[in-house]
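Engineer: next comes the sequence, and after it the predicted model I'd like to discuss.
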Amino acid sequence: AQKVTQAQTEISVVEKEDVTLDCVYETRDTTYYLFWYKQPPSGELVFLIRRNSFDEQNEISGRYSWNFQKSTSSFNFTITASQVVDSAVYFCALSLTQGGSEKLVFGKGTKLTVNP
Amino acid sequence: DTEVTQTPKHLVMGMTNKKSLKCEQHMGHRAMYWYKQKAKKPPELMFVYSYEKLSINESVPSRFSPECPNSSLLNLHLHALQPEDSALYLCASSQGTSGIPDPDTQYFGPGTRLTVL
């Protein structure tokens, strides 16, 4: 099966706390790509990061960081010093090839609430 | 610029109506997508167009009819919908020029919130 599991349905933190969102994936492909998207209450899915299976370096972008570990099939996302504006649903996704085109398979999402 | 626009933002329609959703991008992308998202669920792929040709149809009922008149535009024609079709409809686009398995990043529009009465 090719799927993405986000076991945390909802997380609530207080502003300035660090928070980690978990993502575990299953794929039979040796080359694959993983993505994180943010969906604020307005509804638009905002692209955050894309990572291929050959690149296991962790990535940091401001307060955001990602930890990719092939050994555990995980691609976790950490927000440092969370802010109220980080409140959103976060989706982890796996890219699959079908019919010569690409499709994203999303996890169920984690709803993050950052309280002031 | 990674902007995908969708109109209308909200749509209320009866089960006998015919309406259309519109999506537009001016990034030169050659792949465009329709997703359906029910409340508290992840987006589910409906259709993919690649170079203006339908390449993926995820067994979507015929009451949803996609159309790609040119590389910048994607429409979704709606007819005889059911109340359970009420959802957020998201459009996305990607370059569509990368090889497989090097997928492009998909950029999403703000969506159309559809209510079927």
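Structural biologist: Perfect, thanks for sending it.
Engineer: what does chain B put close to chain A?
Structural biologist: Contact residues, chain B versus chain A (C-beta under 8 Å from any C-beta of the partner chain): B:2, B:31, B:41-43, B:45, B:48, B:50, B:55-56, B:88, B:90, B:92, B:94, B:100-111, B:113. C-beta coordinates here come from the backbone N, C-alpha and C atoms, glycine included.
Engineer: among the residues you listed, which ones are buried?
Structural biologist: B:31, B:42-43, B:45, B:48, B:50, B:55-56, B:88, B:90, B:92, B:94, B:101, B:103-111, B:113 (16 or more other C-beta atoms under 10 Å in any protein chain shown).
Engineer: these in strands, which ones?
Structural biologist: Of those, the ones assigned to strands by DSSP state E are B:31, B:45, B:48, B:50, B:55-56, B:88, B:90, B:92, B:94, B:107-108, B:113.
Engineer: and which of those is nearest residue A:70?
Structural biologist: Ranked by distance to residue A:70 (C-beta to C-beta), these are led by residue B:94 at 24.7 Å.
Engineer: wait, that closest one touches residue B:106, no?
Structural biologist: Yes: contact criterion C-beta atoms under 8 Å: residue B:94 and residue B:106 qualify, at 4.7 Å.
Engineer: what's the overlap in contacts for these two?
Structural biologist: residue B:33 (C-beta atoms under 8 Å, 6 or more residues apart in numbering or on different chains).
Engineer: who does the residue nearest the centre of chain B bridge with?
Structural biologist: By C-alpha atoms, centre = their mean, chain B has its centre lying nearest to residue B:34, at 2.4 Å. Counting by DSSP bridges, residue B:34 forms beta bridges with residue B:47, residue B:91.
Engineer: quick one: contacts for it?
Structural biologist: B:23, B:45, B:46, B:47, B:66, B:74, B:76, B:89, B:90, B:91.
Engineer: and the closest residue to residue A:27 other than its chain neighbours, how close does it get to residue A:68?
Structural biologist: With C-beta to C-beta, 6 or more residues apart in numbering or on different chains as the criterion, residue A:27 has its nearest non-adjacent residue at 4.9 Å, and that residue is residue A:2. Residue A:2 sits 17 Å away from residue A:68, going by C-beta to C-beta, to the nearest Å.
Engineer: which of these two has more neighbours?
Structural biologist: Each of residue A:2 and residue A:68 has its neighbours counted (other C-beta atoms under 10 Å in any protein chain shown); residue A:68 has more, 20 against 13.
Engineer: okay, that one: pLDDT?
Structural biologist: Among the per-residue scores, residue A:68 shows a pLDDT of 93.
Engineer: partners of the helix or strand hosting it in the sheet?
Structural biologist: Per DSSP states H and E: residue A:68 is located in strand A:64-69. With DSSP bridges as the test, strand A:64-69 is paired with strand A:59-61 (antiparallel), strand A:74-79 (antiparallel).
Engineer: residues near residue 19, how many?
Structural biologist: No chain in the question, so chain A it is. 19.
Engineer: nope, chain B please
Structural biologist: If we define neighbours as other C-beta under 10 Å, then residue B:19 has 17 of them.
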